[in-house]
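*Asks:* here is a sequence with its predicted model. Questions after.
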Amino acid sequence: MSKIKIPIANPIIGDEEIEEVVKVLKSGFIAQGPKVAEFEKEFAKFVNTKYAVATSSGTTALHAALLTCGIGEGDEVITSPFSFAATGNSILYTGAKPIFVDIDPDTFNIDPYKIEEAITDKTKAIMPVHLYGQAAEMGEISKIAKKYDLFVIEDAAQAHGAIYKDKKVGSLGDMACFSFYPTKNMTTSEGGIITTDNEELAEKAKMIRAHGESKRYEHAILGYNFRMTDIAAAIGLAQLNKIGKFNEKRIANADYLTEKLKSVEGISTPIRLNNRKHVYHQYTIQVKQGMRDDWVKLLNENGIGTGIHYPIPIYKQELYIELGYDDQLENTEKAANNVISLPVHPSLAKEDLESIVKVLKEISQEFSN
């Protein structure tokens, strides 16, 4: 197999990030401190919320947000099965049960029109996932949540800077959670953050993040060590200054690919809805049923990196089968069998995009002969 020449992801770390980390290291204050507080303030501004609470990962952000909303043993949380395992696992951590609702086949996000039938007297929250960088249908989800008095916790791990009807993702629910893993649209190396407009929720999340401390060495509730370091926050502050340019480059790359691939036989390109700003954490196509492995093999042989996001619905993971899950959700399973993510990151040169298109057209022609 040829060496991958165009990787599926390529984190961009420049001199600014390095300089900010060096400053923190020289300061001697490398745990959670002033840089974390500054990063929280700036990220809250970025998503237009009053508060932000930085954490050690996107997963701990989800876990802390759920606990903050009082989710626990015997409760149910409605979410998408077509996501990274952390979406479902974070619910399990609290003792609650994830209830999976099928996705919209066009956007890959949870189908809001199937949520209401999944609500029971145990339902306490809805956790929509803004998959691949496009916002879920938050208008309908918010209406349902209000009708049944449910919390809405956005899983915005892949949607930094995405917009739904003029509002930033992260400001649409009671709480929202972002990830700063290296492959995301911006990074802190590892890290996450919770955003909210609710002061009470923000203060409780801060306590849960730091061993339940209400003040130094006074532990009012059960908490965890979910803290971000000033080292990570320094990287995040530098990345926040670049996220706008990063996202615009992703969108331009995605537009180029869609224009060049829209008439290629055997490929369905991503759908971007008119009332959204899609920030393309992933550029994910679909191919004909049963052909995905063949497409991936030939792409990789031609030096094009690929990803499968995601090959197994959460409810079909071994852990969930052992827990008794036996869901069969048609749109989710079709997507899991057919999706391929292509490189769309800001490091791509025009020649890289041209190569991706050329290879895909050649594969299409080979399969149509």
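*Replies:* That came through fine.

*Asks:* break the protein down into its domains, please.
*Replies:* 15-240, 244-368 (automatic domain parsing).

*Asks:* start to end distance for the last one?
*Replies:* Using Cα to Cα, to the nearest Å, the end-to-end distance of domain 244-368 comes out at 40 Å.

*Asks:* how about the helices of the stretch 1-150 of the chain, start to end?
*Replies:* Taking DSSP state H, counting those that start in this stretch as the criterion, the stretch 1-150 of the chain carries its helices at 15-27, 34-47, 58-68, 86-93, 138-148.

*Asks:* could you check the angle the fourth one makes with helix 58-68?
*Replies:* Direction vectors for helix 86-93 and helix 58-68, defined by axes from the mean of the first three to the mean of the last three Cα atoms, to 10 degrees, enclose an angle of 40 degrees.

*Asks:* repeat for the longest one
*Replies:* For helix 34-47 against helix 58-68, the angle by the same axes, to 10 degrees is 80 degrees.

*Asks:* packing partners of helix 34-47?
*Replies:* Counting contacts by 3 or more Cβ pairs under 8 Å, 6 or more residues apart in numbering; DSSP states H and E, helix 34-47 is packed against strand 51-55, strand 192-196, helix 230-240. Yep, even glycine has a C-beta here, placed from its N, CA and C like the rest.

*Asks:* related to what we said a few turns ago, ok, which of the domains of the chain comes nearest residue 6?
*Replies:* Minimum separation from residue 6 across the domains of the chain (Cβ to Cβ) falls at domain 244-368, 4.9 Å.

*Asks:* sorry, back to before: just put the helices of the stretch 1-150 of the chain in CSV and tack on distance to residue 296, mean pLDDT and mean neighbour count.
*Replies:* Converted to CSV, these look like this (distance: least, Cβ to Cβ, whole Å; pLDDT from 0 to 100; neighbours: other Cβ atoms under 10 Å):
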stretch, distance to residue 296, mean pLDDT, mean neighbour count
helix 15-27, 32, 97, 14
helix 34-47, 35, 98, 19
helix 58-68, 26, 98, 28
helix 86-93, 24, 98, 22
helix 138-148, 33, 98, 16
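
*Asks:* dump those helices to CSV, plus distance to residue 295.
*Replies:* Listed next are these as CSV, based on distance: least, Cβ to Cβ, whole Å:
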stretch, distance to residue 295
helix 15-27, 35
helix 34-47, 36
helix 58-68, 29
helix 86-93, 26
helix 138-148, 33
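
*Asks:* ok, which of the domains of the chain comes nearest residue 5?
*Replies:* domain 244-368 (3.6 Å).

*Asks:* show me the helices in the stretch 251-369 of the chain, by range?
*Replies:* 292-301, 318-322, 330-338, 350-368.

*Asks:* out of those helices, which one sits most buried?
*Replies:* The highest mean neighbour count among the helices of the stretch 251-369 of the chain, using mean count of other Cβ atoms under 10 Å, belongs to helix 330-338: a mean of 18.

*Asks:* quick one: low-confidence parts of this protein?
*Replies:* Along the chain, segments meeting pLDDT under 70 span 1-2.

*Asks:* rewinding a little: let me have the domains of the chain in TSV, extended by distance to residue 4.
*Replies:* Converted to TSV, these look like this (distance: least, Cβ to Cβ, whole Å):
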stretch	distance to residue 4
domain 15-240	15
domain 244-368	5
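
*Asks:* just name the most buried of those.
*Replies:* Note that of these, domain 15-240 is the most buried (mean count of other Cβ under 10 Å), with a mean of 21.

*Asks:* next, the distance between the ends of it.
*Replies:* 14 Å.

*Asks:* got it, and stretch 96-104?
*Replies:* 25 Å.

*Asks:* repeat for stretch 177-193
*Replies:* 6 Å.
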